[in-house]
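K.L.:
Give me a model of this one.
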Amino acid sequence: MASDKTQGWSGDSFDRYKEYRYCVAVTVIGFVYSGFQACDLSYHLISGKYIFFHPLRYHFDFAMDQILAYLLISASSSAATRVDDWVSNWGKDEFTQMASGSIAMSFLAFAAFSLSSLISGYNLCNRTTT
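P.N.:
Purely as a prediction, here's the structure:
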């Protein structure tokens, strides 16, 4: 979505609309968090230890998965509303097609975070204290 810029008469760009900026910002935050989680879990699979371990780790993982899932669905919905408004007023063009594709990927990221939230909730409820 960040590369979604057209050279047409309107000169549209994602950064002209706060809904798109919100969607990109939340997606970047989710991507960075997921990257850290992937590195930590990869390290755990290799060495049997976590990079960061704290007694509240399970609570943190569950809370972050929940927060990012809700932020992603909120951001995706607001961006989808902007695209729908654009299409109903001026019709489809390359800009709206690219934005729609980006929003679809954002909804997929929401689905991944909601699944991750279910898994981290299960881990939270079934953890063993050591």
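
K.L.:
Which stretches in this protein count as helices?
P.N.:
For the chain, helices defined by DSSP state H occupy the ranges 18-47, 57-90, 94-125.

K.L.:
In JSON lines, list the ones you listed along with mean pLDDT and mean neighbour count.
P.N.:
(C-beta placed from N, C-alpha, C; glycine too.) Compiled in JSON lines, the helices of the chain are given as follows (pLDDT from 0 to 100; neighbours: other CB atoms under 10 Å):
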{"stretch": "helix 18-47", "mean pLDDT": "91", "mean neighbour count": "15"}
{"stretch": "helix 57-90", "mean pLDDT": "90", "mean neighbour count": "17"}
{"stretch": "helix 94-125", "mean pLDDT": "89", "mean neighbour count": "17"}
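
K.L.:
Which pLDDT value goes with A2?
P.N.:
Among the per-residue scores, A2 holds a pLDDT of 69.

K.L.:
ok, the closest residue in space to N123 that isn't next to it in sequence to S102 distance?
P.N.:
Using CB to CB, 6 or more residues apart in numbering and skipping residues adjacent in sequence, the residue nearest N123 is Y58, 5.7 Å away. According to CB to CB, to the nearest Å, Y58 stands 33 Å off from S102.

K.L.:
Spatially central residue for the protein, please.
P.N.:
Ranked by distance to the mean C-alpha position of the chain (CA atoms, centre = their mean), the top residue is T27 at 3.7 Å.

K.L.:
give the contact list for it.
P.N.:
T27 is in contact with 1, 72, 75, 106, 109, counting by CB atoms under 8 Å, 6 or more residues apart in numbering.

K.L.:
try it again with 7 Å
P.N.:
Residues near T27 by CB atoms under 7 Å, 6 or more residues apart in numbering: 106, 109.

K.L.:
Could you do A112 as well?
P.N.:
A112 neighbours (CB under 7 Å, 6+ apart): none.

K.L.:
how close does it sit to W86?
P.N.:
Computed as CB to CB, the A112 to W86 distance reads 27 Å.
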